[in-house]
Each structure stands twice: as structure tokens, then as C-alpha cells.
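>>> turn this into a model:
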Amino acid sequence: MGEEAENTSKRKAPDSGAEEPPSQPPATAQSQTEADPAAKRRNLSRSCIHEVAVPKSYEAAKDEAVHGTLASPEFNGEMAKQYPFKLDPFQSVSIACLERNESVLVSAHTSAGKTVVAEYAIAMAFRDKQRVIYTSPLKALSNQKYRELSQEFTDVGLMTGDVTLQPNATCLVMTTEILRAMLYRGSEVIKEVAWVIFDEIHYMKDRERGVVWEESIIFLPPAIKMVFLSATMSNATEFAEWICSLHKQPCHVVYTDFRPTPLQHYVFPIGGSGLYLVVDENGQFREDNFGKLQDSFSKQNNQLDGRKGGGPKASGRIAKGGSASGTSDIYRIVKMIMERKFQPVIIFSFSRRECEHHAMSISKLDFNTEDEKECVEQVFRNAITCLVEEDRSLPAIELMLPLLKRGIAVHHSGLLPIIKELVELLFQEGLVKALFATETYNLEFHLSNGKFSNRFAMGLNMPAKTVVFTSVKKWDGDTNRYIGSGEYIQMSGRAGRRGKDERGICVIMIDEKVKPHGSMLQLPLLFKILTDLDVYWVQSFSPFFLPISKLVVVLKDLLYCVGTFGFVPNLCLNFACQSTLQMEMSVIKDMVLGKPAPLVSTFRLSYYTILNLMSRVEGQFTAEHVIRNSFHQFQYEKALPEIVQKITRLEDEATLLDSSGETDLAEYHKLGLDISELEKKIMSEMIRPERALLYLVPGRLVKVRDGSTDWGWGVVVNVVKKPPASGTLPPALSASRSNSYIVDTLLHCSSTSNENGSRSKPCPPRPGEKGEMHVVPVPLPLVSGLSSVRINIPPDLRPPEARQNILFAVQELGKRYPQGLPKLHPINDMGIQEPELVDLVHKLEDLEQKQCSHRLHKSGQSEQELSWYQRKADLNSEIQNLKSKMRDSQLQKFRDELKNRSRVLKMLGHIDADGVLQLKGRAACLIDTGDELLITELMFNGTFNDLDHHQVASLASCFVPCDKSSEQIRLRNELSRPMMQLQEAARKIAEVQRECKLEVNVEEYVESTCRPYLMDVIYCWSRGATFAEVMEMTDIFEGSVIRLARRLDEFLNQLRAAAEAVGEVNLEEKFEKASESLRRGIMFSNSLYL
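All right, here's what the predicted structure looks like:
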């Protein structure tokens, strides 16, 4: 890195209206002139920062009179494209870099005008008679960009996998996956390309698809120059240095945090009235107003119906005929925005169903004139003419028109694509005044693990005057967390239309913390929480998904708690209680004024990549070449100097610790570790349901440990069997038996919140904290000890005193047994006689005897000495780990992974012993939409041979990521057997990967690769059912079903190509027929942008 990108210069480009200062000599990336902050805001309001990473010994052969210098590019020649407005400084500097024929990264806020730079690069390609490629993250964005560029340029093509228009055009718009596939295949088109534009390059940090961007950049020929468009990010220079090191060419960075339209940030207290300005247009935080906001909460009643917008909710989805009811906070705030002429407004919600609920709650308002209503209806009728008659009458279409005519619309990934595009067009024309949308990043499923990840919303490149956030917390698939600063910057950037608004307005809706007394949760509140849930009911302490269709089962269990104890453990529902938000001033300040997040590599090795690299005849790239040149490896190596400093610091600390008696300490410490390990093995046998349930009676003391969190002793209240999360799915998709039992346990819990004012899951009290006793749902595997002691628990646990008395009793038992509470003996008390367990018990007893007779155990000083020894051991271990990290580097880890994955490919028959690609491997090379190993296994083991093309389409749908259905899965007979074969093949592949030392959980792999949620829907659609009929079979959103069908069609085409490549004519015909059976009706209606 240091050898190749030796010169990084940095300068400020001033306001284009100001006088240009004399050129400054190149400086380091850290140098920057300091100035008075207030003056800096005034003078640099429209400035940008320019930096450039230059390869070692690079000599620029450009006329400085025309192009300026590397450190200060400036173009004085004839422009390839003229603009009817004056360019901003960052646009002028970026264009000067392009005219130097050098790569550039443009990092700027949303709506700042980055598209100008991309258009200029395209205009240069047309002028110089060269090809240019424009890539975007999603097909819908590619369609939209194709429409925009077609209006500007004459020769534009589109390639998205399911649509190909003018593939020989001068300018090609495509998804990044298409570009990577072209690079893998050695497409002739690439040889004619001069520029590649990567839009939304910050998408590279996406956990699943980010590697596609990284590989595409690595594979591009060095002669091709690149334009990177990105939202603001904190490590743009580091990215440019990587490009410089990789392609041995200069890479400029043009960064600006200038907003063409300044923003004002207000807070709206839920349940209250009025707006509080917290950050003004100069970026100043108004602490006085925040104090007034906090005071306003104390004047309000503690109401729980203010959650995420507050007030009564609309009943049901728009597509299901939901209706409006009541006057909510959303109703009041939207009405106020319209009265103050702050429209158009985008209201961001983090749930698709909530978007529709909020839209229905204001459906009585009307924002359009009669002329606008007529225009909306005319556009609507024209748009749906591409649909057949039966699809035009779908509820999801008909019920949207009344809202649209009133100037109200919804935009999220679950809408029908035609409705979503129609909403975008109407919003751009000013015919939609209030748009309810999911965040700039949509929640969609990962390809591999079924969790949620951030995906860009399709087509929401539409500025408004006002933006409203209905909540400042979001569920990201792992935790319910506050919005990050980068996310807020991206979404709030939609506020303020350049040339139309003096300033943009952002409104943040927040709620005070509502804390129920003790752990009492009244029944009406319980029903309120349950009906407010969006898709899943989630227990944060023992995570599992429970579909809403199982609500009866949930209510039965919860009502049992109410009937037995008179309350519901509020910790059990702490995720659902999203109204319990404690907004600290620092949280708002960090969110609104925080710095953008850095771009971090998510590089990973995939079988698709390995096989395609092996298939390249010219052999110019190998898997190790890709690993060595990845952004991941570049970032790792750049951090090594910091590791050296840390090792030195740790070694200095370790030398200060006394080393006398270390041998005895090491021996005593090892005894403790061995005893702990044996206890874990014995306990895992003792808590098997068939053995433990008999002893898990109310009053039994049990020890609970969740990873590194030791809860100590708690008291059993009840044991419940968790309903199966997968309905009637086959056993292969079900969890283990131990995980299906929940032990409701009274545990000593912290009574305070964390720094954010919220807690993702209950936690033990901190040292010195009094704490409270709460009933916590504990998965059976987390029980780490069974005591022989039982205590009486009162029948009514509602009074805090009753629970506190139990705490006192447990603490008193601890004093009575200072060496630890007596435990149930697996042999003497539980009667377990299995030889393996008996042997473990005898080993444990021998070790405990040795520990008791050890010198340190008798001296009484062991605890202090062990604490000292543990610290030194930890230091030495960390030092060794850091040295190992430096010695082996991340490269070695990837090498080991590559070796193990290659073993998998050999065992499965994709390559031979010499690493030469076989038929299976050639087929897998052509498949990147689904799991390439699993699908090729089905192709070669004969699974598809006995299926008709309808069954083939249905089975293939399991490979395409989709939303989880909340309904029970009941597969018809003709689909059950293929599903079982799929599971068997998945289990085989997972076991092979484990055998080859890859970290793969067999059950998780089977569940993540076998997704039967839309098998029946696709089967019936393939056989000719109408869209209305198949939508009656599932509760998944219409747009999600269509998205799956289109990706399935792309997947089937890949399978057809794979079958053709290996000479399987019958399979090729089946895949072709399966694809043809899908391509009809609204599922494959044309985009309005094409």
C-alpha cells in the first residue's frame, strides 16, 4: 500500500464565485488549514476536498495549461457536455479529473448532484467513440437509470438478467452481477469499454452482495478507468489508495458535505403537540429546545398508544381492504405539515405494514385539487393498461387509487412493481403530497441465512421538502437499535429540493420511556402489544420466530401466566414494547450530527468464485490473487503498525507482573479449567428433556449461564414447551428437543437501562446494584446447574415484596453454603447409569479431590493469586494472538479456507485430484442466484428426472430468498417427496463441509437452503392459476411474491444454461418449460420505465 500509493495530496476547492487561490504544493492527507469555525462555515459552505492517490514513480503526461496538475486538476478545454446551470465546485473538480482520463471517487450527500459527474463520463465516452458501462445495485434502479439516460443520450442499452435491450449500445446500464459475469466469461464487450461507473459504491459493505463489487473491481482490466459514486463515507481516501495499489493508476477523491438545501431538524413528542428545533440549518445543536422537549413529557399522561406514530391503527393492509380509524399523531403531524405548506413530505417507517397503517390513518385528508385528481386517475388508468383485465381488478390495485387521488401514497418492497413505479412517477410530478415509505434501506433476506440485511429501496431517488421519521429505532435482524448516523444522513438527505426550497425540514418523532411498575403488565396492554406487532413475535432472550398465525398459542401461554401469577413477565416482551424509548440528548445529537460510517470490506470466498477462477483458460487470475488484492486484505495490512504498538504495550505490562510461584498457579488454574469442562459435559447430559423435566418443578434452584453471562442461581416457576417454529415442516427443519423447552425462571435482574435507555435483553445486576427479581424465559440448554435444594414460592408473584422475599431466601442459602449450593448428583439423585456419564462423574470427583488437596487451595490466598495469574495469562495469550495475526496475516486464513473449500469441491466431484474442472463444476460455474453446490447435486443425482416442469419450478423456488410466511406449511403430495430429497442433499453437503473443517451448522444450513414458503404458490401459478387465486394461498406481500417469481425465472435460465453446458438435453427442456410456465400476467408485466 505504502509502496504503490506514495503521494496523497489534499486541497480545498473554494466556492466557484470566489477567487481561486494560488496552487499549493502536494501535502500529506492529514494537512488542512485551520480557520475560525464560524468563518469556515461561511466561506467553505460550497467547498469540496480533493485528494489523489498516486502510484510510485507515476509521471503525468498532461498539458497543465489544459488539465492542471494531479494535486490541483482544472479543465480549461472544450467540455464534452454543457450544463444549463453553474456547476458546484465538487462537480467541476470531478469533471477535471475525468478529463485527465483518471479514476475518481465522488463522495457527497444524497441529492447533491453526483449524477452530473456520471453523465459527463458518459458524454466523454460518446465524444471519444468509446463504450461506457453504468452499474447499479438493483434491477429496478437499472430500469430507472436506463429511462433517464435514454432521454439524455441516443445509444443506451440495458442488461439486468431478465431484461436485455440493445446489448451492443455505446452506453450499457446493468446490475453489478451482470458486469461480474461478463468479466468471468471474458466478454468481448469489455475490451471496448473505456469507463465503468459504479453507482452506490458504498453498497460494497453489504454482507451478502458486497463481494460482487469487490470482485468486479479486481477483475477489471487496468486500462479501464472508473467512476465511483458514493454517499458520504469517512474513509474515502483509503478506498482510493486501494484502487491506486490494485490498478497502478491515480485515483482522485472528491468529497463534499455541502448540502445544496440546508436542513433544519425538529423533534415531535408523541402524544404532544408542536415541533422543537434541535439542530438548525448551521448545524448547531439547540440544547435549550431539547430541555423544553424533555419538560413537555412530564406534562403528558403516560400513554402506551403512542408507539411508532401513536393513536389507533388502521385495520389491516390496503390490499386487504383496511380502513382508517381515529386521529393519530401521524394524522396531526401530516395535517400540520400541509397547513404550513411544507409538502411534499416523505414519512419514513421501518415496517411495510406500518407504512400502510399510517397511510390509512390519514385517508380522510385530501391534498389534491379536482384537476390533479383527474390527472392521477388518467395516469393510473394508462399505467394499468399493460395488465390483463382480471389483474386490473386486484384489490392491491383498485384500493390504491382512492388514496392516490387524495395525494397519499405508499412505497415499499412489498407493493406490486407496477404500483411502486406508478407512485414514483406521480411523486416526481407533484401529484403525491404525502408518501409513506420504508427507509432508504429496505429490510430483505440474506441469501444464506434468512436474516435481514440492508438493501436499497428501489426508485426512491425523489426529493421532498419535508421528511418525517416515525421512530428512531429499527430492527436490523439481530437487535432493535437506534438509527445509525449514516442511515439518518442518507434518509434525511431526501429533504429539501434544490432550487425550490430555502431549507429542508426533518421531523423526528420520539416517545418518552414508559416503564410498567415492577414486572406487572396489564392484560389490555398485552393485547395492545400483540396487535401492534408487525411480522414476528420475538423473544430477545431466547430468539425464535413465532408467526402471527400462532397468536392463539401465544395468547394461551401468556394467559396461563396471567391466570397463574396475575402478570406477564415484561422482560419476555421487551422487544415488542417498542414504545419504551428513552431519548437521551446525546443519542439525538450523535444521530443528526454524527460522522458517516466508513466503508468496510465484506469480502468472502464463495464456491462460485473459486470454480469460475478455475475455469478461466488464460489463468491470469487465481483465487489467491483475488484474496491478496481484496479491499479486505488491504485494510488489514494497513492496520498492522497499530498492532505492533499494541504488542509493545502489552509486553511492558506483562513484565511488571511478578512471576514467582507461576508453576503452582498454572497447575491449579488448569485443574479449575478441567473441572469446568467436565461439569459442562455432565450437565449437557443431565438437562436432556427426558431426564431434566422431572426435576424442573416450581421452587427448584437452577444455575443459568448465557455464554459469558453468569446469572447465578434462580428459582424455577414453570416449564413450557415452545410451539414448533416451522409448523408442519419435516423434522429436518425443526430445532433440537432441548431448544424446544423454556424454563420460566425467577432471576436476579438489573433494574436500570443501559446508556441508550433501552435493553435488548435482560441482564444481571452490576456490582453493588440492588436489582430486582423477574421471571425470565430461559431456554433449557442455558441451565448450567441443578441444585438439590427447593424453596416454596408464593402463589401470587405480582407484589414486588413476594419476589424480593425469594431473592432474600436465595441469598441466605448462599451464606449457608459458602462452598456452593448442593447439586443434584446425576447417579445418586437422578439415577442415570449410562457408562459414559458414570465415567465422567468419577473423573470429576478425582479432579475435585486433587483441587481440594492442592497447596493453593489450602492457603486461602488462591483467589488473589489466581486473579494475578489470570491477568498475566490473558496478556500472554493476547500477545501471542497478535503476533500470530501479524505472522500469518489474514491471507493465511483465506488460504486455509480456500484449501478446505477445494477439498469440498473434490469430494463432491466438481474438480478432480489435480484441480481440473469436471462436468459438475462446469454446471456450477453458471449458477449464482442459488446455492450452486446443492442445485448441481440435485441435477446430477436424478432428483429432477422424475419431476414434471411444474414441480421443477416449485422445487427451484426453495433456492430463491423470500420473506418468511407466518402460515403453516402444508405441502401437497407431489411436492413433499422432492422437498425431502432436497433436505437430504442439503444435509449431505453440509456434512461434507464439516468434514472438510469448514464451520457449518448442519441444521442451520438445511433450514437456510430449503425455503418451502412459496412452493405451493409457484406450483399453482405454473399450472395456470390466476394471481388473485395464488395470493389467497399466502400472507406474503404481493411484491415479494413477484420478486421471487422473477428471480426464479432468472435462476431457471441459469439452470437451463448449466444443463446445456453439460449436455443434459432433457433437463434443459424441463428448465425451459418451467421458465415459460411462469412468464405471464402481472408477475412479468413490463416496467413503466421501459
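
>>> contacting residues around Leu1048?
For Leu1048, the contact set (C-beta atoms under 8 Å, 6 or more residues apart in numbering) comprises 953, 956-957, 960, 1018, 1078. Yep, even glycine has a C-beta here, placed from its N, CA and C like the rest.

>>> for it, give me the pLDDT.
Looking at Leu1048, its pLDDT reads 92.

>>> need the residues that contact the lengthiest strand in the chain.
Taking DSSP state E as the criterion, the chain has its longest strand at strand 709-721. Contact with strand 709-721 is made by 557, 560-561, 564-565, 693, 696-705, 740-748, 763-764, 775-776, 778, 785, 787, 791, 793, 797, 806, 810, 813-814, 821, as judged by C-beta under 8 Å, 6+ apart.

>>> swap the cut-off to 7 Å and go again
Residues from elsewhere that reach strand 709-721, judged by C-beta atoms under 7 Å, 6 or more residues apart in numbering: 557, 693, 696-705, 740-748, 763-764, 775, 787, 791, 793, 806, 810, 821.

>>> now find how far off-centre it is within its chain.
32 Å (C-alpha atoms, centre = their mean, to the nearest Å).

>>> what lines up beside the helix or strand just after that strand in the sheet?
Next along the chain after strand 709-721, taking DSSP states H and E as the criterion, comes strand 741-749. Sheet pairing of strand 741-749 (DSSP bridges) gives strand 709-721 (antiparallel), strand 772-779 (antiparallel).

>>> could you point out which element follows the helix or strand encompassing Gly291?
Per DSSP H and E: Gly291 is located in helix 287-298. Counting by DSSP H and E, the element after helix 287-298 in chain order, helix or strand, is helix 329-339.

>>> quick one: list the elements packing against that following helix.
strand 345-349, helix 352-361 (3 or more C-beta pairs under 7 Å, 6 or more residues apart in numbering; DSSP states H and E).

>>> that older thread, quick check on the contacts of strand 709-721: which are buried?
By neighbour count, with 16 or more other C-beta atoms under 10 Å, the contacts of strand 709-721 hold 557, 696, 698, 700-704, 740-748, 763-764, 775, 787, 791, 793, 806, 810, 821 as buried.

>>> give me the low-pLDDT residue ranges for the stretch 751-900 of the chain?
752-761, 855-870, 884-890 (pLDDT under 70).

>>> those strands in it, which residues are they?
772-779, 783-790 (DSSP state E, counting those that start in this stretch).

>>> which strands or helices does the last one pack on?
Right, strand 783-790. Using 3+ C-beta pairs under 7 Å, 6+ apart, strand 783-790 is in contact with helix 662-686, strand 700-706.

>>> now the angle from that strand to strand 709-721?
Put simply, strand 783-790 runs at 70 degrees to strand 709-721, going by axes from the mean of the first three to the mean of the last three C-alpha atoms, to 10 degrees.

>>> which residues are contacting strand 783-790?
Contact partners of strand 783-790, identified using C-beta under 7 Å, 6+ apart, comprise 683, 686-687, 695, 699-705, 713, 743, 813, 821-824, 829.

>>> now do the contacts for Phe348.
437, 439, 467-470, 491.

>>> quick one: which of those is most hemmed in?
Val468 (27 neighbours; other C-beta atoms under 10 Å).

>>> in its sheet, what does the host helix or strand of that one sit against?
Element membership of Val468 [criterion: DSSP H and E] is strand 466-469. Partners of strand 466-469 in the sheet, by DSSP bridges, are strand 345-349 (parallel), strand 504-510 (parallel).

>>> I'd say Ile408 and Met360 touch.
No - the pair Ile408 / Met360 is not scored as a contact, 9.1 Å apart, by C-beta atoms under 7 Å.
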